[in-house]
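>>> Give me a model of this one.
(chains A and B)
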Amino acid sequence: MTFLDPLLKGDIDLTVVLIVIGKTIATFALLLVAVLFYIWFLRKIIADMQDRIGPYNAGPFGIFQTVADGIKLFFKEQSMPRSADKPVFLIAPYLSILPAFLAFSIVPIGGLVSIAGHKTYLQLAELPIGVLWLLAMSGLGLYGVMLAGWSSGSKYPLLGAVRASAQLLSYEAAFSLAIVGVLIQSGTLSTRGIVNGQAWTGNFLEGLGHWYVRPAIVAFVIFIIAALAETNHPPFDLVEAEQELVGGFHTEYTGIRFAIFFLAEFMNVITMSAIAVTLFLGGPAGPKLGFLDASNTINVWVMPVFWFMLKLLVLLYGTVWIRATLPRLRYDQLMALGWKYMIEIAFLWLMVSGVVVIGREEEWNLWIVVPAAAAGAVLVYGVLWASMTKSGELTEQEQIH
Amino acid sequence: MGVVEFLRGFTVPIRQVFRPKLTEFFPKEKRPKPARFHGRHVLNRYEDGMEKCIGCELCAGVCPARCIYVRGADNPPDAPIAPGERYGFVYEINYLRCIHCDMCVEACPTEAITETKQFEYSFTNRDDSIYTKDELLVDDDGRARRLPWELWMGFEDDDTSAWMRATSPSGDADYEGRVAWAGELGYGVRPPERGQSEAQSGARDAAEGDGA
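Residues are numbered from 1 along each chain as shown, chains lettered A, B, ... in the order given. Just a heads-up that it's a prediction; the model follows:
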C-alpha cells in the first residue's frame, strides 16, 4: 500500500488515509454549510434588530434563501473585461477561498476520538506550527483580493484592491501581536496544545478562569477588532462599502466567481470566530454530562463539538451585533486606529504579559516588576511620541483650517 | 467617556429585537389604501348602461403627462352609447406615462372618469400598458375590470366609491347613500360651490364678523 502512503512512512495504512480524506470532506462540507447557515442567521438577526423579519419565503423561516441565492448566482452569465489578465482573473477567486478554508483546518472542533481503532483528533490537521499556519493563510488571502483587482484590467477594481491591501496589511501586525499575547501564555504554537492548556476538570465557573481570555483580555479585544478588519467585516468594510464604491476589488466579477469572493469572506468570518474560540475561549473544552460515563460516546464525541459550536455561535452573534450597530469608519480613521493605537497597545500588552509570565517562573516580586515594565514601556512610547511630534510646525489639519 | 457611549450604542439594536416587526407580507397581503389614494382609472356608466363619457376631451387637455387619448364621435341615433349628442369613441390611457395626479377626474364634467385604489399592476409589454376603453369601463356591477396583470384580492372595492356600484346597470341598492370616499370631485363630501356674488358676500360677512 505504498502508493496510498503520502509520507512514505510504514505505519500509515489505508484506514488512516481514508480517515484523513473523510475528515477533509467533512470539514469542507461543515464549513460550506456553516457559511450558508451563517448568512441566513446574519440576515435574520440583523432584520430582528431593524424591526423587520428578514427572508421568509424560501423554506421554513427562509432558511434556504442562501441556497436559492447561490443557485441563482451559479446560473448567471459571467463576463470578463477584454483587458483582463485572463489566467489571473480566473484563478483569483479561488486564491481567496482556499486560504479561508485552509486556515480552518487547524481549528480543533472536538476531542480525541477513536475511529476504526485509530485514535484521532476531531480536527483536520494537528500541526506543530498551527498558529503560524493560520498567520500564513490569512496573509495569503490578501493575494486573492489584490490579484482580482489587478487582473481585472479596469481602474475601479485596481483602486479597490489597493484600498483592500492597505487595510489588510495594516491590521496584519496587530492581529499577529494579539495572537502572540496568547502564545506567551500557552507556550506552544499547536492549536491542540493551546486548547489543552485551557482545559480543566471539575467546577465549571472555576474552569472559566482557565481560558486565555482572562490573562489575555486586551489581546482578545485587539484580536477581535483586527480579525474584523482582516475579514472586511463592518465597521471595517471599506473594501466593499456599497454606498461609496462601485464594488471594490470585485467590480468586474459576476456570477459564481463573484459568489466565491463572498463565500470566502463569510468563511473568513467563521474561521476567525473559530480561531478566537480556540485561542481565547477554550475551544471544545467544557463540562461533560455527569450522569454518563466519561468514556460514553456522547461525552467523547458530542459534548466537545457541542461546546465548540455553542461558543462559535455566541461569537458569530457578536459579529452580527457589531454589524448592526457600528457605522463604517472613514479611511483615515481606519489607518489611525490600526497604526497608532492597535499595534502600540498590543506591543505594550505583550511586554507586560511577557514580564508577568517570566516573573512567575523566576518568582520575582510582581508588584515591583509589572509597574516597572509598564513604566519602561510608557517611557519608550513617550520618547517615540516626543520625537515624532514636530513642535514649531503646523500639522496638516491645522494648515487646512 | 467615549467608551461608555460607544458601549451604550450596542444596546440600541438589542432593544429593537423585542419591538414588534413592521414587515408587510405584500404579495400575500395588501394593506387598505389611504382614503385619497390615486390608483388606475375606471370609466363609469349610468344605471341604464349608458357610458358617462361624452368625448369632450377635457381630461386629455388637462393631463400634464399627456397620457390620455380621446376621440369623440356622434352617438348613433338608433343605439346611443352615451346620453346626449356625442360619446367617447376611443378612450386610451397610457400607464407608462400617467402620474396619477387625478386632474382628469377633476376636469371631467360628467364624473365619467374616476380612480380606483388599484396600483399593483405590472405589464410585460407596452401594448398592455395602454388601457383601452374596454379595459377601463366598469362592468355591470360597477366594478373595475380585473385584468390578468393586475393583483386583485377581492376587498379593493371597499376602498372605492360606493356609488359606482349603486348606480351601475345591475347596481346593488345596498350601496345607495353609502360613502366610501375615493377623492372624486364633488361626490357627497364637499358642499356645492357657491356663486361668485354669494362667495363675496360671505367674505364680507366674515370680515364684518371679525370687526364686531
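
>>> Can you pull the phi/psi pair for the residue nearest the centre of chain B?
The centroid of chain B falls nearest to B:Glu115 when counting by Cα atoms, centre = their mean (1.7 Å). Comment: the main-chain dihedrals of B:Glu115 come out as phi -110, psi 140, following degrees, to the nearest 10.

>>> Just list whatever residues bridge to it.
B:His41 (DSSP bridges).

>>> ok, A:Gln78 - contacts?
With contacts defined as Cβ atoms under 8 Å, 6 or more residues apart in numbering or on different chains, the neighbours of A:Gln78 are A:254-257. Yep, even glycine has a C-beta here, placed from its N, CA and C like the rest.

>>> Who wins on neighbours among those?
A:Arg257 (21 neighbours; other Cβ atoms under 10 Å in any protein chain shown).

>>> Excluding residues flanking it in the chain, which one is nearest that residue?
Distances taken as Cβ to Cβ, 6 or more residues apart in numbering or on different chains place A:Pro93 nearest to A:Arg257, at 4.7 Å, with adjacent residues excluded.

>>> ok so, going back, for B:Lys133, see how far away the residue nearest to the centre of chain B is.
The span separating B:Glu115 from B:Lys133 equals 16 Å under the rule Cβ to Cβ, to the nearest Å.

>>> can you list the weak-confidence ranges in chain A?
A:1-12, A:201-204, A:389-401 (pLDDT under 70).

>>> related to what we said a few turns ago, can you tell me which two in the contacts of A:Gln78 are farthest apart?
For the contacts of A:Gln78, the farthest-apart pair by Cβ to Cβ is A:Thr254 and A:Ile256; their separation is 8.6 Å.

>>> Tally up the residues packed near the closest residue in space to B:Tyr69 that isn't next to it in sequence, please.
Among residues not flanking B:Tyr69 along the chain, B:Glu92 sits closest, at 4.5 Å (Cβ to Cβ, 6+ apart). Close neighbours of B:Glu92, defined as other Cβ under 10 Å, add up to 16.

>>> Could you look up the SS state of B:Glu92?
Here B:Glu92 is strand, with the state taken from DSSP: H, G, I helix; E, B strand; the rest coil.

>>> shaky segments in chain B?
In the prediction, chain B carries residues with pLDDT under 70 at positions B:1, B:35, B:156-167, B:176-212.

>>> what does it have sitting close to chain A?
B:9-10, B:12-14, B:16-17, B:19-23 (Cβ under 8 Å from any Cβ of the partner chain).

>>> Out of these, which comes closest to A:Pro327?
Top of the list for closeness to A:Pro327, among those and by Cβ to Cβ, is B:Gly9 at 9.4 Å.

>>> you'd agree the closest one is up against A:Thr325?
Yes - using Cβ atoms under 8 Å, B:Gly9 is in contact with A:Thr325, at 5.7 Å.

>>> Which of the two has more residues huddled nearby?
A direct count of neighbours by other Cβ under 10 Å for B:Gly9 and A:Thr325 places A:Thr325 higher, at 18 against 12.

>>> Now do the contacts for residue 153.
You didn't say which chain, so I picked chain A. Per Cβ under 8 Å, 6+ apart, neighbours of A:Gly153: A:81-85, A:89, A:252.

>>> To clarify, I was referring to chain B.
With Cβ under 8 Å, 6+ apart as the criterion, the residues that contact B:Met153 are B:Lys30.

>>> distance of it from chain A?
As defined by Cβ to the nearest Cβ, to the nearest Å, B:Met153 lies at a distance of 18 Å from chain A.

>>> To which secondary structure element type does the residue nearest to A:Arg257 belong?
helix.

>>> since we're on it, how many residues are nearby?
Here the count is done by other Cβ under 10 Å, and A:Pro93 has 23 residues near it.

>>> which residue ranges form the helices in chain B?
With DSSP state H applied, chain B shows helices at B:2-9, B:11-17, B:58-62, B:103-107, B:126-129, B:133-136, B:163-166, B:196-211, listed in chain order.

>>> Can you name the residue of chain B nearest to chain A?
Per Cβ to the nearest Cβ, the residue of chain B with the smallest distance to chain A is B:Pro13, at 3.6 Å.

>>> List the residues that contact that residue.
Shown in contact with B:Pro13 (Cβ under 8 Å, 6+ apart): A:49-50, A:321, A:324-325.

>>> just curious, which of the residues you listed is nearest to B:Asn75?
A:Gln50 (59.4 Å).

>>> So that closest one is in contact with A:Ala324, correct?
Yes - with contact defined as Cβ under 8 Å, A:Gln50 counts as touching A:Ala324 (7.2 Å).

>>> Of the two, which one has the most company?
Between A:Gln50 and A:Ala324, counted using other Cβ under 10 Å, A:Ala324 has the larger neighbour count: 21 against 17.

>>> Phi first, then psi, for that one.
Torsion angles, degrees, to the nearest 10, at A:Ala324: phi -80, psi -20.

>>> likewise B:Ser122?
B:Ser122 has phi and psi values of phi -150, psi 120 when expressed as degrees, to the nearest 10.

>>> For the nearest residue to it once chain neighbours are set aside, list the residues it contacts.
Spatially, and ignoring its direct neighbours in sequence, B:Ser122 is nearest to B:Trp149 (6.1 Å; Cβ to Cβ, 6+ apart). Under the criterion of Cβ under 8 Å, 6+ apart, the contact partners of B:Trp149 comprise B:121-124, B:128.

>>> Now do the strands in the stretch 51-200 of chain A.
Here the stretch 51-200 of chain A has its strands, by DSSP state E, counting those that start in this stretch, at A:112-115, A:118-121.

>>> Can you lay out those as CSV showing distance to A:Pro157?
Formatted as CSV, the entries for these read as follows, by distance: least, Cβ to Cβ, whole Å:
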stretch, distance to A:Pro157
strand A:112-115, 45
strand A:118-121, 41
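
>>> Which one, of those strands, ends up nearest to A:Thr188?
Closest of the strands of the stretch 51-200 of chain A to A:Thr188 is strand A:118-121, at 14.6 Å (criterion: Cβ to Cβ).

>>> Pull up the pairing partners for that closest one, direction included.
Paired strands of strand A:118-121, with direction, are strand A:112-115 (antiparallel) (DSSP bridges).

>>> Would you mind splitting chain A into its domains for me?
A:80-329, A:333-387 (automatic domain parsing).

>>> Please identify the most buried of those domains.
Ranked by mean neighbour count, the domains of chain A are led by domain A:80-329 with a mean of 19 (mean count of other Cβ atoms under 10 Å in any protein chain shown).

>>> What is the distance between that one and the centre of its chain?
Per Cα atoms, centre = their mean, to the nearest Å, the displacement of domain A:80-329 from the mean C-alpha position of its chain is 2 Å.

>>> From one end of it to the other, what's the distance?
Terminal residues of domain A:80-329 are spaced 32 Å apart (Cα to Cα, to the nearest Å).

>>> How many neighbouring residues does the closest residue to B:Ala73 other than its chain neighbours have?
Taking Cβ to Cβ, 6+ apart as the measure, B:Ala73 lies nearest to B:Phe89, with 3.5 Å between them; neighbours along the chain are not counted. Residue crowding around B:Phe89 was assessed by other Cβ under 10 Å; the count is 15.

>>> how about B:Phe89, what does it touch?
Contacts for B:Phe89 (Cβ under 8 Å, 6+ apart) come out as B:55, B:71-73.
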